[in-house]
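Undergrad: model the following, please.
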Amino acid sequence: MLFTIFVRYLAFVSYEKNDLRNLKVTNGTWPAWLKALFNATFHYIFIASVILIFMPIFAGKLSLLRDIYSAAFFRPFARISFTFACFQGLLL
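TA: Residues are numbered from 1 along each chain as shown. Model prediction:
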């Protein structure tokens with residue numbers, strides 16, 4: 001997951017800093033075919049990593065994390081986010 005989030009900075013832009021007033025933006029260090037491959041697959045890699053994080057929770061193997069997510073502290077936030085998710089379609 002961290003790869004798909006933070007690699008974009010290195011892939012597309014590299015900065016050459018001569019001084020504080022003169023900031024040059026140049027092309028990234030990746031070749032064009034690698035950028036295209038990453039852009040085509042990074043959504044799927046990110047979704048798979050999120051599924052792999054939550055799969056042990058749903059299987060009941062990672063009870064500590066499940067207890068943290070189901071704590072009473074998070075219930076009001078969960079209700080608020082669910083309410084906004086329900087009304088989002090109407091608002092759009």
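Undergrad: so where's this structure uncertain?
TA: 8-29 (pLDDT under 70).
Undergrad: got the residue ranges for the strands in it?
TA: Per DSSP state E, the chain carries strands over the ranges 13-17, 23-27.
Undergrad: contacts only, for residue 82.
TA: Neighbour list for residue 82: empty [criterion: CB atoms under 8 Å, 6 or more residues apart in numbering]. From N, CA and C alone the C-beta is placed, and that goes for glycine too.
Undergrad: what about it, distance to residue 41?
TA: In this view, residue 82 and residue 41 are 31 Å apart by CB to CB, to the nearest Å.
Undergrad: and what of residue 7?
TA: Distance, residue 7 to residue 41, using CB to CB: 12 Å.
Undergrad: cool, residue 71 as well?
TA: Distance of residue 71 to residue 41, computed by CB to CB: 35 Å.
Undergrad: and these two? Which one has more around it.
TA: When residue 71 and residue 41 are compared for neighbours, residue 41 comes out ahead with 12 against 9, by other CB atoms under 10 Å.
Undergrad: which helix in the protein has the most residues?
TA: If you go by DSSP state H, the chain has its longest helix at helix 32-59.
Undergrad: which neighbouring elements make contact with that one?
TA: In terms of contacts (3 or more CB pairs under 8 Å, 6 or more residues apart in numbering; DSSP states H and E), helix 32-59 is packed against helix 2-12, helix 63-69.
Undergrad: how about that helix: buried residues?
TA: Neighbour counts using 16 or more other CB atoms under 10 Å place 38, 42, 57 of helix 32-59 among the buried residues.
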